[in-house]
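In: Mind folding the following:
(one chain, ligands or ions: 1)
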Amino acid sequence: MTEPAIDVSGLVKRFDGRTVVDHVSMRVEQGEIAGFLGPNGSGKTTTIRVMCGLLTADEGHGRVLGHDLRKRHLIKREIGYMTQRFSLYEDLTIAENLAFVAGLYGLNPVQSFVRDTLADLGLTARRDQLAGTLSGGWKQRLALAACVMHNPRLLLLDEPTAGVDPKARREFWDEIHLRAENGLTVLVSTHYMDEAERCHRINYISYGRLVASGTVADVLAKAGLTTWVLEGPNTPDAAKLLAGKPGVDEVTHFGTTLHVVGRDAAALKRSVADAVQATGVQGQPADTTLEDAFIRFMADGQDNMQ
Ligand SMILES: Nc1ncnc2c1ncn2[C@@H]1O[C@H](COP(=O)(O)OP(=O)(O)OP(=O)(O)O)[C@@H](O)[C@H]1O
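Out: Have a look, this model is predicted:
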């Protein structure tokens, strides 16, 4: 058995007495793409920073790439970290940006690393183009290439595709999968459900606590939800009727359909049957989505805080 790339237990981080990472334990196997999800301010960035050795945990222990978490200088050397809103210098050329990053990492000879990276990206012919003139998708690919130029074994990406269009996001993820197939381990935070589904495993954090981890199927099972889809001209009336009824936790409009989700399957079924009878809409059981599961975890997290 190879050692996991990340194996941390009971991590706690407090800022000014406020606990923002609350006994988080996480394991990420080598070559795995692990997703990190959770509402704004739930502690993803802080956890990532502890794992990369940029912040010291107040409690907890573990190993990253086989190094004790306290050996921060050893960890930093072997990871790539793309911060939120990481950007290149728009008024430098593509090659100049790469040369700058290569210099920061002490790569030598700089120009050979730049040349290889440009060739890898298929950007050799555009090396003298200003980075600011690239499309959003290309900017992200270039930023990713800059983060892996020093050949890290673990890549930590903090919302790398925020604000990037769907096609460019898909291409970015193809790139991540390609690199994972070649052995790179990736921990990536995201708010996009389609990206969560492209991860081998996901970790969901709420109010600093890790509330679910595993494959998408594991996480859906943990949420323990039942979903009904209602359809027909009277869905707005059905929505009003269902709000707050026994077994009904969430009622959400999706275009012309209504998704009704709850933890108590029997009570939910009865409430849906009543609404169907009263309004004439059609109701069918359906698969629960990851978004439904996350909204449930978030609501549970809020309940725990009260
Ligand atoms: N250096 C700091 N000093 C004080 N508070 C901080 C510091 N860094 C983060 N926090 C607080 O810790 C909490 C967790 O923040 P963090 O950035 O880790 O969350 P996040 O899950 O990454 O959020 P988002 O999805 O919005 O990026 C927030 O309430 C934030 O304001």
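In: give the contact list for Leu144.
Out: Neighbour list for Leu144: Met82, Leu157, Pro160, Phe172, Glu175, Ile176 [criterion: C-beta atoms under 8 Å, 6 or more residues apart in numbering]. For glycine as for every other residue, the C-beta is placed from the backbone atoms N, C-alpha and C.
In: On the three-state scheme, it is what?
Out: Under DSSP: H, G, I helix; E, B strand; the rest coil, Leu144 falls in the helix class.
In: Name the secondary structure element that contains the closest residue to His23 other than its chain neighbours.
Out: Using C-beta to C-beta, 6 or more residues apart in numbering and skipping residues adjacent in sequence, the residue nearest His23 is Gly10, 4.9 Å away. Element membership for Gly10, per DSSP states H and E: strand 6-15.
In: so how far does stretch 41-58 reach from one end to the other?
Out: 18 Å (C-alpha to C-alpha, to the nearest Å).
In: near the ligand at all, it?
Out: Yes: applying C-beta under 6 Å from any ligand atom, one finds stretch 41-58 touching the ligand at Gly41, Ser42, Gly43, Lys44, Thr45, Thr46.
In: contacting residues for the fifth one?
Out: Meaning Thr45. Gln84, Asp158, Ser189.
In: 10 Å instead, please
Out: Val20, Val21, Phe36, Leu55, Thr83, Gln84, Leu156, Asp158, Glu159, Ser189 (C-beta atoms under 10 Å, 6 or more residues apart in numbering).
In: Ok, the fourth one next?
Out: Remark: with contacts taken as C-beta under 10 Å, 6+ apart, Lys44 is in contact with 21, 36-38, 84, 158-159, 187-191, 203-205, 208.
In: Need the nearest residue in space to it, chain neighbours excluded.
Out: For Lys44, the spatially nearest residue (C-beta to C-beta, 6+ apart) is Ser189, at 4.4 Å.
In: The one you found and Leu65, how far apart?
Out: Applying C-beta to C-beta, to the nearest Å, the value for Ser189 to Leu65 is 19 Å.
In: These two - which one has more neighbours?
Out: Taking neighbours as other C-beta atoms under 10 Å, Ser189 and Leu65 compare with Ser189 leading, 24 against 21.
In: thinking that one is in contact with Leu155, fair?
Out: No: at 12.0 Å, Ser189 does not count as touching Leu155 under the criterion of C-beta atoms under 10 Å.
In: about what we covered before: among the contacts of Thr45, which has the minimum pLDDT value?
Out: In terms of pLDDT, Gln84 ranks lowest among the contacts of Thr45, with 79.
In: How many residues are close by Val114?
Out: When neighbours are counted by other C-beta under 10 Å, Val114 registers 23.
In: Same check on Val216?
Out: By other C-beta under 10 Å, the residues close to Val216 number 18.
In: Contacts only, for it.
Out: Each residue near Val216 by C-beta under 10 Å, 6+ apart is listed here: Gly35, Met193, Ala196, Glu197, Arg198, Cys199, His200, Arg201, Ile202, Leu290, Ala293.
In: Reformat the residues you listed into JSON lines and put secondary structure and pLDDT next to each item.
Out: Listed next are those as JSON lines, based on DSSP: H, G, I helix; E, B strand; the rest coil; pLDDT from 0 to 100:
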{"residue": "Gly35", "secondary structure": "strand", "pLDDT": "97"}
{"residue": "Met193", "secondary structure": "helix", "pLDDT": "91"}
{"residue": "Ala196", "secondary structure": "helix", "pLDDT": "95"}
{"residue": "Glu197", "secondary structure": "helix", "pLDDT": "94"}
{"residue": "Arg198", "secondary structure": "coil", "pLDDT": "95"}
{"residue": "Cys199", "secondary structure": "coil", "pLDDT": "97"}
{"residue": "His200", "secondary structure": "coil", "pLDDT": "96"}
{"residue": "Arg201", "secondary structure": "strand", "pLDDT": "97"}
{"residue": "Ile202", "secondary structure": "strand", "pLDDT": "97"}
{"residue": "Leu290", "secondary structure": "helix", "pLDDT": "93"}
{"residue": "Ala293", "secondary structure": "helix", "pLDDT": "93"}
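In: Quick check: closest non-adjacent residue to Ala168.
Out: Gly137 (2.7 Å).
In: same question but for Leu290, I mixed them up
Out: Counting by C-beta to C-beta, 6+ apart, Leu290 lies nearest to Met193, which is 5.2 Å off, once chain neighbours are set aside.
In: Ok, His259 next?
Out: Thr252 (4.7 Å).
In: Hmm, Lys240 is touching Val281, no?
Out: No: Lys240 lies out of contact with Val281 (C-beta under 10 Å); the separation is 11.9 Å.
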